[in-house]
Each structure stands twice: as C-alpha cells, then as structure tokens.
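# Mind folding the following:
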Amino acid sequence: MSYNLIYYWEHFLDKYIDREIEAKIDSYMLKFYIINQDSNETFYKWFSFSNKEELLGFIKFIALPSAYCSRAFGEKENSVLVTAAIYEDVLELLKNNIVGVDQGVINNFKEDYEKIECIENNEALDLEMIRKFCDDFGDFLDYKSKVISNIEVYENIKTFGRELISNFEADGMIYELEKQMDMSREEIEEMFSNIDKNPFMLKKINTFLDSKFLL
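Numbers count the residues shown, from 1 in each chain. All right, here's what the predicted structure looks like:
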C-alpha cells in the first residue's frame with residue numbers, strides 16, 4: 001500500500017470524513033481540528049492508523065493542506081476547508097487566489113512540508129519526531145489567528161489514556177473528566193490500562209472521543 005498517492009487520501013477522506021472513530025487497541029491515534037474563531041465553524045475528528053507511514057501520510061496529504069488552505073481563505077470567508085491535496089496544488093492555491101496572497105502562510109507551509117519530508121525520509125520514522133512536529137505545528141495556527149488548527153498524535157489507546165489523566169490532573173480538572181466519562185479516576189485508569197482485556201470498552205472510548213469534550 002502506497003500512502004504517497006493522492007488517490008488513496010481522496011478515497012480515505014470520502015470514506016471516513018463522516019464516520020465515528022473506530023479506534024483499535026494497537027492503532028496509532030490522531031486528533032485533528034480546525035476552528036474559524038469568527039464564525040465558530042469547526043472541523044474536529046479523531047482518526048486511527050495501523051502504522052506510522054499511514055499516520056504521516058494523513059498529516060502530509062490532509063492535515064497540512066486543510067489547515068493552510070483554511071488559514072488562507074477562512075479569515076475572509078469565515079469557513080474551514082477540509083481536503084486532500086498534493087504540495088504543488090496547495091502552493092498554487094496559496095499563490096494564486098482571489099482572497100489575497102499571504103507570503104507568511106506560504107513560507108510556513110513550505111517549512112512544515114519540508115519537515116514532514118525529512119521525517120518521511122528518516123529510515124527510523126521515529127514517532128517522537130512526528131509528535132515534535134505536531135507540537136510545533138500549532139505555533140503558527142494558534143489562538144492569535146482567526147483560524148486555528150492543531151494535531152495530536154498518540155502511540156495507542158493506553159498511551160492516550162495515561163496522558164489524558166495526567167493532563168487533567170496537572171490542570172486540577174480531573175473531576176471534569178470523571179463527570180464527562182461518568183467514572184472515577186481509578187475506573188478511567190483501569191479502563192485504559194486493561195483495554196486489551198476488555199475490548200468492549202472501546203465503544204465507550206470512541207463515543208467519548210467523538211463528543212468534542214477534548215476540543
């Protein structure tokens with residue numbers, strides 16, 4: 001399977017754009033959102049990938065094009081755009097459009113695309129390199145912009161669960177997580193830790209992820 005073919009990602013988007021997440025116990029997890037802060041139009045979705053190549057392909061062919069096109073057009077059109085596109089087509093749209101050309105957007109897109117290709121060309125294809133890219137990605141599309149976007153990546157559901165609990169505890173908001181999941185902190189931790197022994201709990205986790213509570 002080649003994850004560098006645009007046809008794969010066009011089909012992927014058509015197939016999964018309106019589906020609920022179907023996370024699997026041993027799959028990589030990715031959260032992606034775009035928000036237009038003027039119109040409140042939002043795209044928010046979790047995705048599940050069987051390997052790092054597919055995960056990186058999603059970022060390269062869907063997340064980057066969607067975020068940067070939304071940034072370029074969304075500020076004036078009060079919208080977000082979710083699409084699958086290759087580098088040359090995105091660059092053409094950013095350079096030639098009726099809304100206006102923003103060289104800063106163009107430069108940042110080029111830089112981010114080059115970073116993705118560097119990760120892709122690294123034989124190790126280290127997950128931490130992908131996570132570091134995602135952490136830096138939101139710096140340009142942050143809360144100061146009218147259109148903001150973010151990508152989060154997790155190795156699997158267990159890793160996500162540990163970080164989820166840790167983050168809510170660090171913010172002193174664990175009670176909000178308990179309320180949302182209708183479980184105690186200990187029950188939440190046990191659910192994620194033993195998900196391989198209780199796979200039927202995946203449905204509860206998937207429903208939780210689709211709720212936009214973590215937006």
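
# all helices of the chain, in order?
6-16, 52-58, 64-77, 87-95, 103-121, 127-137, 157-170, 174-181, 185-193, 202-209 (DSSP state H).

# For the last one, name the packing helices and strands.
It refers to helix 202-209. Counting by 3 or more CB pairs under 8 Å, 6 or more residues apart in numbering; DSSP states H and E, the packing neighbours recorded for helix 202-209 are helix 174-181, helix 185-193. Any C-beta I mention is one placed from the backbone N, CA and C, and that applies to glycine too.

# So for Ile34, which of those sits nearest?
Smallest distance to Ile34 across the helices and strands packed on helix 202-209 (CB to CB): 22.8 Å, for helix 174-181.

# Would you map out the domains in this protein?
Per automatic domain parsing, the domain ranges recorded for the chain read 6-155, 158-209.

# Now render these as a markdown table, adding mean neighbour count and mean pLDDT.
Below are the domains of the chain laid out as a markdown table (neighbours: other CB atoms under 10 Å; pLDDT from 0 to 100):
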| stretch | mean neighbour count | mean pLDDT |
| --- | --- | --- |
| domain 6-155 | 17 | 89 |
| domain 158-209 | 15 | 92 |
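
# Can you give me the distance of the most centrally placed residue in the chain to Gln180?
Compute the mean C-alpha point of the chain, and by CA atoms, centre = their mean the closest residue is Phe32, 2.3 Å away. Going from Phe32 to Gln180 by CB to CB, to the nearest Å gives 21 Å.

# repeat for Leu13
From Leu13 over to Gln180 the distance is 29 Å, taken as CB to CB.

# swap in Cys118?
Relative to Gln180, Cys118 is positioned 38 Å away (CB to CB).

# for Cys69, same thing?
32 Å.

# contacting residues for the residue nearest to the centre of the chain?
Taking CB atoms under 8 Å, 6 or more residues apart in numbering, we find Phe32 in contact with 43-47, 58, 62-63, 66, 149-152.

# got a list of contacts for stretch 122-139?
With CB under 8 Å, 6+ apart as the contact definition, stretch 122-139 has outside contacts at 28, 52-53, 55-56, 59, 67, 112, 115-116, 119, 148-153, 155.

# Let's see stretch 43-51 as PDB, backbone CA atoms only.
Output of stretch 43-51 as PDB, limited to C-alpha atoms (Å, rounded to 0.1, in the frame of the first residue of the first chain):
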ATOM      1  CA  PHE A  43     -13.800  20.500  12.000                       C
ATOM      2  CA  TYR A  44     -12.900  18.100  14.800                       C
ATOM      3  CA  LYS A  45     -12.100  14.500  14.300                       C
ATOM      4  CA  TRP A  46     -10.100  11.600  15.700                       C
ATOM      5  CA  PHE A  47      -8.500   9.100  13.300                       C
ATOM      6  CA  SER A  48      -6.900   5.700  13.800                       C
ATOM      7  CA  PHE A  49      -4.000   4.300  11.800                       C
ATOM      8  CA  SER A  50      -2.400   0.900  11.600                       C
ATOM      9  CA  ASN A  51       1.100   2.100  11.000                       C
END
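
# Good, we can wrap up now.
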